[in-house]
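**Student:** sharing a sequence plus its predicted fold:
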Amino acid sequence: MHKTLTNEMIAELRQTIGQEGPLPQFNTEATADAIRHFALGRGDDNPLYCDKQYATNSRFGDLIAPNTFVLSCGFPRSRGLPGIHGLFTGIDLHCHRPIKVNTTITATTALHELKERQGSFAGRQYQQTSVTKYKNDSGQILSTLYSHAFRMERGAAGKSKKYINLERKTYSPEELAEIEQAYNDEVKNRQSKSPRYWNDVRVGEKLTSMVKGPLSVTDNIAFLIGFGTVFVQAHRIWHEFRLRHPDAGIKDEYGVWDVPERVHWDERLAESIGMPGPYDYGPQRIAWFDHRISDWVGDEGWLDRLSVKLTAPNFVGDTTWINGVVTDKSDNGSVSLKLTCEDQRGRTTATAIAKVTLPCR
């Protein structure tokens, strides 16, 4: 059953702005396994995350987690407005400290802002912004995350059919060979033990393209293994979850209660909200940007801030090319980057701006 947005629902949600509370967490500790699963789930085997001996000899002195690992330690999904579809649209992540192996992480979140918008995709909708703080067991803030989502009525979203006629891709051997060559070159292009110095970087310099795809349902599942989710529960645990959250489930074609998250692997449910098929998780592309940046800055660099805007869904079968350019330099070793995710059609599906710190000679 599709629910309708009402003024009463919005007013009730507005009352919660600024009310901070704990966030359900998939990972509560940055164990070696949790770090590795998250990194491998985005297609990244950087030894800073996956090789203890290598990482011990780095400036960090041990394994660290990718900066976007905190997304697995409590992800602020749409809150309030039960039965109203939520479409995650982007983040602004501030990275304050490295996340070292075996760090215990707690997450607290609050509704930060609620803005009404009119969009071509689903009519009346709201942009919902949450602020989440991730702290270590000493109470130090590791990262601060501002996350954005559009809330829209499921029926209105399905009726739009904005993407329903988008062509799904079938690849030729030549096209696959180009993608495979990019994968073959990926480790070679990684800036690791040899530092990338601020002095050598120039404004206008382009980052080597990184490829992700062609996206498969398996890629989505691999990411989910490391990222986690509050919705995907099994058997009695799912039953009890649904009893606590009656609007969390959607019946499948067999009349069985299942998760709304099936849009990432279920053709029919994806089509019901106006999509041509399953699509990736928004945090996947955020993690991909983080991967591209960490490979570029190398072992001595640091990502200070990453702001991502998701502009279009990335569907199963799509290939994403991540490109970037240096847009600015500051005297303190700071470098600004602009990045894009572009699919095989030439569509830009996400944009990002980032600030990184590089060592100086």
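**Tutor:** Sure thing, it's come through. Residues are numbered from 1 along each chain as shown.
**Student:** nearest residue to the middle of the chain?
**Tutor:** The residue lying closest to the centre of the chain (C-alpha atoms, centre = their mean) is P283, at 1.2 Å.
**Student:** give the contact list for that residue.
**Tutor:** 68, 71, 75, 88, 223, 227 (C-beta atoms under 8 Å, 6 or more residues apart in numbering). C-beta here means a position set from N, CA and C on the backbone, and glycine is covered the same way.
**Student:** check P47 too.
**Tutor:** Taking C-beta under 8 Å, 6+ apart as the test, what P47 contacts is 54-55, 192.
**Student:** could you pull out the strands in the stretch 1-150 of the chain for me?
**Tutor:** Shown for the stretch 1-150 of the chain, the strands assigned by DSSP state E, counting those that start in this stretch span residues 21-22, 85-95, 106-119, 123-135, 141-152.
**Student:** which stretch among the ones you listed comes nearest R196?
**Tutor:** For these, proximity to R196 was assessed by C-beta to C-beta; strand 85-95 is nearest, at 17.6 Å.
**Student:** give me the average confidence score over that closest one.
**Tutor:** Averaged across strand 85-95, pLDDT comes to 88.
**Student:** what's downstream of the helix or strand bottoming out on mean pLDDT in the chain, the next helix or strand?
**Tutor:** Among the helices and strands of the chain, helix 154-160 carries the lowest confidence by mean pLDDT, DSSP states H and E, at a mean of 52. Remark: after helix 154-160, the chain's next helix or strand is helix 173-189, criterion DSSP states H and E.
**Student:** parallel or antiparallel, which strands does the helix or strand just after that following helix pair with?
**Tutor:** On the C-terminal side of helix 173-189, the closest following helix or strand by DSSP H and E is strand 206-212. Paired neighbours of strand 206-212 in the sheet (DSSP bridges): strand 320-329 (antiparallel).
**Student:** got the angle for the helix or strand following the strand it pairs with vs strand 320-329?
**Tutor:** Counting by DSSP H and E, the next helix or strand C-terminal to strand 320-329 is strand 334-343. Going by axes from the mean of the first three to the mean of the last three C-alpha atoms, to 10 degrees, strand 334-343 is angled at 160 degrees with respect to strand 320-329.
**Student:** still on that earlier bit, compare the contacts of P47 and tell me which is most surrounded.
**Tutor:** Most neighbours among the contacts of P47, by other C-beta atoms under 10 Å: A55, with 23 neighbours.
**Student:** returning to that earlier point: the residue nearest to the centre of the chain in helix, strand or coil?
**Tutor:** Classification of P283 by DSSP: H, G, I helix; E, B strand; the rest coil places it in helix.
**Student:** ditto for the one 4 residues further on
**Tutor:** Each residue gets one of three states, and A287 gets helix by three-state DSSP.
**Student:** from K169, how far out is the residue nearest to it when sequence neighbours are not counted?
**Tutor:** Computed as C-beta to C-beta, 6 or more residues apart in numbering, the closest residue to A287 that is not its neighbour in sequence is R42, at 4.2 Å. Going from R42 to K169 by C-beta to C-beta, to the nearest Å gives 21 Å.
**Student:** between the two, which one's more packed in?
**Tutor:** Between R42 and K169, counting by other C-beta under 10 Å, R42 is the more crowded of the two (23 against 17).
**Student:** pretty sure that one contacts Y281?
**Tutor:** No. Contact criterion C-beta atoms under 8 Å: R42 and Y281 do not qualify, at 10.5 Å.
**Student:** list residues touching both of those two?
**Tutor:** F223.
**Student:** just the terminal-to-terminal distance for stretch 200-211.
**Tutor:** Length of stretch 200-211, first residue to last, C-alpha to C-alpha, to the nearest Å: 25 Å.
**Student:** quick check: buried residues in that stretch?
**Tutor:** Using 16 or more other C-beta atoms under 10 Å as the test for burial, stretch 200-211 gives 201, 207-208, 210-211.
**Student:** contacts for it next, please.
**Tutor:** With C-beta under 8 Å, 6+ apart as the test, stretch 200-211 has contacts from 179, 182-183, 185-186, 189, 288, 291-292, 295-296, 319-329, 335, 337, 339, 358.
**Student:** circling back to that earlier point, backbone dihedrals for the residue nearest to A287, please?
**Tutor:** phi -100, psi 10 (degrees, to the nearest 10).
**Student:** ok, it - contacts?
**Tutor:** The neighbours of R42, taking C-beta under 8 Å, 6+ apart as the test, are 66, 223, 226, 284, 287-288, 290-291.
**Student:** give me the buried subset of the residues you listed.
**Tutor:** If we count by 16+ other C-beta under 10 Å, the contacts of R42 have these buried: 66, 223, 226, 284, 287-288, 290-291.
**Student:** got JSON lines for those, with pLDDT too?
**Tutor:** Converted to JSON lines, these look like this (pLDDT from 0 to 100):
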{"residue": "P66", "pLDDT": "98"}
{"residue": "F223", "pLDDT": "97"}
{"residue": "G226", "pLDDT": "97"}
{"residue": "Q284", "pLDDT": "96"}
{"residue": "A287", "pLDDT": "98"}
{"residue": "W288", "pLDDT": "98"}
{"residue": "D290", "pLDDT": "98"}
{"residue": "H291", "pLDDT": "98"}
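**Student:** just give me the closest of those residues to I353.
**Tutor:** Distances from I353 to those, taken as C-beta to C-beta, are shortest for D290 (13.2 Å).
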